[in-house]
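[1] generate coordinates for the sequence data below:
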Amino acid sequence: MNRSLIVAIAFVLLSCDEVSDNPRDRHFNILFRYGVGARNELNSFENTYTKDLILDGTVKIRLVLSTDDFYAIEGKLQSTGFFSFPDTLRPAVSDTPWYAIHPHSTYFFRVQTGANIKTLYCADSVYPEFFAYYRIRYEKLQEIVRFIHDRLSMKPEIQRLPPAKGS
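    Numbering: from 1, shown residues only. Sure thing, here's the model as predicted:
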């Protein structure tokens with residue numbers, strides 16, 4: 001076998017494991033907003049990450065997830081049953097002032113797998129025990145949020161961002 005053919009085959013095999021910078025070429029994309037006011041955002045549709053700096057506004061950077069990141073996040077969504085969740089998780093009681101948590105986190109997902117798009121919204125404004133019917137799904141949602149947050153926090157690009165000021 002000639003050397004140029006071996007190099008070409010190796011290049012093709014190695015490039016199969018890479019994620020395209022172009023979101024339209026991907027099978028899986030995710031828009032995930034989270035935190036108080038859902039001001040933190042992972043957006044693989046635009047290859048960006050936005051961090052809420054609280055008193056200093058937000059900062060947006062370019063962030064292209066790795067193949068491992070995409071597989072891990074999609075795998076976590078599949079294993080937790082995310083795609084069978086309702087589009088909105090709501091508590092079983094009204095959001096009255098004596099049960100409400102302020103400030104509270106809000107989560108929004110827009111997930112594309114192939115031609116399908118799944119959205120999910122949850123305002124974490126009441127104590128978890130009031131999610132009753134959705135309790136298991138709420139716990140799975142928290143598992144997903146922690147998983148993605150932990151994965152993102154290991155990224156050097158995100159570690160270099162300025163710290164949030166205020167609380």
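[2] where does pLDDT dip in this protein?
    Applying pLDDT under 70 to the chain picks out residues 1-20, 91-101, 125-133, 167.
[3] and the contacts of the strand or helix carrying residue 73?
    Following DSSP states H and E, one finds residue 73 within helix 67-79. Helix 67-79 has contacts (CB atoms under 8 Å, 6 or more residues apart in numbering) with 17-19, 26, 28, 30, 44, 65, 82-83, 111, 113, 143-144, 147-148, 151. Just so you know, the C-beta spots here come from the backbone N, C-alpha and C atoms, and that holds for glycine as well.
[4] again, only this time at 10 Å
    With contacts defined as CB atoms under 10 Å, 6 or more residues apart in numbering, helix 67-79 is touched by 16-20, 26-30, 32, 42, 44, 63, 65-66, 82-83, 85, 109, 111, 113, 118, 120, 140, 143-144, 146-148, 151-152, 154-155.
[5] ditto for stretch 113-121
    26-33, 38, 74, 77-78, 82-90, 106-112, 137, 141, 144.
[6] rewinding a little: next structured bit after the helix holding residue 73?
    Next in line after helix 67-79, if elements are assigned by DSSP H and E, sits strand 88-89.
[7] quick one: work out the angle between the helix or strand just after that following strand and helix 67-79.
    Once strand 88-89 ends, the next helix or strand along the chain (criterion: DSSP H and E) is strand 106-113. Calculated by axes from the mean of the first three to the mean of the last three CA atoms, to 10 degrees, strand 106-113 forms an angle of 100 degrees with helix 67-79.
[8] just the buried ones out of the contacts of stretch 113-121, please.
    26, 28-33, 38, 74, 77, 82, 85, 89-90, 106-107, 109-112, 137, 141, 144 (16 or more other CB atoms under 10 Å).
[9] quick one on the thing from earlier: take the contacts of helix 67-79 and keep only those in strands.
    28-30, 32, 42, 109, 111, 113, 118, 120 (DSSP state E).
[10] how about the residue nearest the centre of the chain, what does it touch?
    Residue closest to the mean C-alpha point of the chain, counted by CA atoms, centre = their mean, is residue 32 at 3.9 Å. Going by CB under 10 Å, 6+ apart, residue 32 touches 38, 40-44, 49, 73, 107-111, 120, 144-145, 148-149, 152.
[11] swap the cut-off to 7 Å and go again
    The contact partners of residue 32, taken as CB atoms under 7 Å, 6 or more residues apart in numbering, are 41-42, 109, 148.
[12] beta partners of it?
    Note on residue 32: beta-bridge partners residue 42, residue 109, judged by DSSP bridges.
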